[in-house]
Every structure is written in C-alpha cells, then in structure tokens.
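Engineer: Just to be clear, the model below is a prediction. Sequence and coordinates:
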Amino acid sequence: MPTKCEGATNPICFDFPIGWEAVKYDEEGGFYRTTVTKHVNLIRGMDLVAVPPGAPRVVFIEVKDFRKAAPDDPEARNAKLIDTVLRKTLYTLAGLVAAERVGEASLRPFAMLSRQPPVQVVLFLVEAPLASKLRQQNQRVGRNDLEQSLTAQLAAWGLDFALRGAPTPLVPPTLAADGWEARVA
C-alpha cells in the first residue's frame, strides 16, 4: 500500500490501496523540480499525483492544512485557493505532458495524458475546528462556495473536482470514495 505524506509538522499522510501508483509530484529531486522548474520561473505543481490500478485515470491532490492558521477573510482565502488550484492544475498537466514526451521513467505511470484519461483534481482541505456555531456555519458555506466554483471552472477544462478533508482533525482517517485515506501521522 503506497503511502505519501505532505507537510513537515504533523504531516497528513495518504494511504493508497494496493495496486495504486502515487508520487509526491513536487518533491525535491523529482522531474518537476529538476527539469520543469529549472526552465520556467514561478511554476508550481500539485502535491500528489496518483493512478488507480487498471483504469486510465489520473488523480491530482493538492493539500492545504489550515489547522494552525488564524481565521481570516474566507472570501479572500477562497479566491487565493481557487487561483492556486487552477494554476497548479495547469502546471501539473503541462509537466506530465513534458514527462511523457521525454519518456521520464519516474513518472511513466502518471504521464499518459496523450491517451486523454479522465483527470480528477482533489483539494484536500483541513481546517481548524471552530467553537462558535456561527463560525462553523460560515466555514461550511465557504467550503460549499469553494467547491462549486472549482467544480465549474475545472469542468470547463474537462476535469472533475472533489473537495475532501475536514474542518476538524483527521480522527478517524478520512476515507475517499476511491478507497484511499488521509490521516495525521
């Protein structure tokens, strides 16, 4: 079972079922860091890229951990998150096309975009628990707005979107529909 962790302090670990391939796409020393960002400034990639067994499908996962962040303006934060996810999606798509074209061995299971597989973009968002009922409601509304916006914008590019994570700590682990789960290490 492949496991990939994201974050330095209290990392969030993703456990993928047997048969899945997963890679930390933006990892130091990987194709993205050594080849893609070497030639283009200010480019950013998704945290994880995964492929389920037997299905020509690619899953991009962007992790945002706000457990220790002070509550801020949710509309401004959502606008920034939307921009970040859209940019990272485009840059990751471009990076995987380049990896496929040059035959990058480390990304071979993921670099198959010329076959036009379905691509799902997942924003895994973890937020600090809030005490006030009003703040909790505002948090739910903000998550709903974020999900609707990214679903619509990514659908225009032919991509699926899912918002995962929790407004509380990941205990028990959060299970995705695909069978992978996220937990705090």
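Structural biologist: Yep, that arrived. Numbers count the residues shown, from 1 in each chain.
Engineer: Next up, phi/psi of His39, please.
Structural biologist: Main-chain torsions, His39, degrees, to the nearest 10: phi -110, psi -20.
Engineer: burial measure for it, as a count.
Structural biologist: By other CB atoms under 10 Å, 8 other residues sit near His39. All C-beta spots, glycine's among them, are computed from the backbone N, C-alpha and C.
Engineer: so where's this structure uncertain?
Structural biologist: The chain contains residues with pLDDT under 70 at 69-72, 166-177.
Engineer: how about the top helix by length along it: buried residues?
Structural biologist: The residue-count maximum for a helix in the chain (DSSP state H) belongs to helix 74-102. For helix 74-102, burial by neighbour count (16 or more other CB atoms under 10 Å) applies to 74, 77-78, 81-82, 85-86, 88-89, 91-93, 95-96, 98-100.
Engineer: Which parts of this protein are strands?
Structural biologist: Counting by DSSP state E, the chain has strands at residues 3-6, 12-15, 21-24, 48-51, 58-66, 119-127, 160-166, 174-175, 181-184.
Engineer: Columns mean neighbour count and distance to Tyr32 on top of these, output as JSON lines?
Structural biologist: Formatted as JSON lines, these follow (neighbours: other CB atoms under 10 Å; distance: least, CB to CB, whole Å):
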{"stretch": "strand 3-6", "mean neighbour count": "18", "distance to Tyr32": "14"}
{"stretch": "strand 12-15", "mean neighbour count": "21", "distance to Tyr32": "18"}
{"stretch": "strand 21-24", "mean neighbour count": "19", "distance to Tyr32": "9"}
{"stretch": "strand 48-51", "mean neighbour count": "24", "distance to Tyr32": "10"}
{"stretch": "strand 58-66", "mean neighbour count": "22", "distance to Tyr32": "12"}
{"stretch": "strand 119-127", "mean neighbour count": "22", "distance to Tyr32": "16"}
{"stretch": "strand 160-166", "mean neighbour count": "18", "distance to Tyr32": "21"}
{"stretch": "strand 174-175", "mean neighbour count": "15", "distance to Tyr32": "26"}
{"stretch": "strand 181-184", "mean neighbour count": "18", "distance to Tyr32": "22"}
